[in-house]
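Colleague: coordinates for the following, if possible.
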Amino acid sequence: MTQQPEALRLADELRHWRSPDKEAAAELRRLHEVNQELLEALKDMNSGWKYIRHSYGDLYGVGWDRAQGKADAAIAKMEITQGKQT
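Modeller: Below you'll find the predicted structure:
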């Protein structure tokens, strides 16, 4: 079951109201699109990051665990918010 993201649901509701709310709806849609692009870029970066770690090992002082942990957490949070679980 695909669930509509909350930002898009709110945008649909605001679209039917007066003019300033239509601008808010357009902004919610724009931000949702940007979030999707950022999520895909982060997933791509994280995949490459994991490949480098697996193939070449950790490099001292790079902060692999910290950076990868934050990327994994952000991806999981976004996917849970969208009703997807990986």
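
Colleague: for stretch 73-86, which residues meet the burial criterion?
Modeller: Residues of stretch 73-86 classed as buried: 78, 82 (neighbour count, 16 or more other CB atoms under 10 Å). Glycine gets a C-beta too; all of them are placed from N, C-alpha and C.

Colleague: in the helix or strand hosting residue 45, what counts as buried?
Modeller: Element membership for residue 45 (DSSP states H and E) is helix 19-56. Buried residues in helix 19-56, counted by 16+ other CB under 10 Å: 25, 28-29, 32, 42-43, 46, 49.

Colleague: can I get those residues in TSV including distance to residue 65 and pLDDT?
Modeller: Converted to TSV, those look like this (distance: CB to CB, whole Å; pLDDT from 0 to 100):
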residue	distance to residue 65	pLDDT
25	40	77
28	35	82
29	36	84
32	31	86
42	17	92
43	18	93
46	13	89
49	11	84
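
Colleague: just the residues you listed now: which is nearest residue 10?
Modeller: Distance to residue 10 across the buried residues of helix 19-56 (CB to CB) is lowest for residue 28, with 5.8 Å.

Colleague: name the nearest residue to residue 68, sequence neighbours excluded.
Modeller: residue 49 (5.9 Å; CB to CB, 6 or more residues apart in numbering).

Colleague: could you check how far that neighbour is from residue 43?
Modeller: As judged by CB to CB, to the nearest Å, residue 49 and residue 43 stand 11 Å apart.

Colleague: for the residue nearest to the spatial centre of the chain, what are its contacts?
Modeller: When CA atoms, centre = their mean is applied to the chain, the residue found nearest the centroid is residue 39 (3.5 Å). Going by CB atoms under 8 Å, 6 or more residues apart in numbering, residue 39 touches 75, 78.
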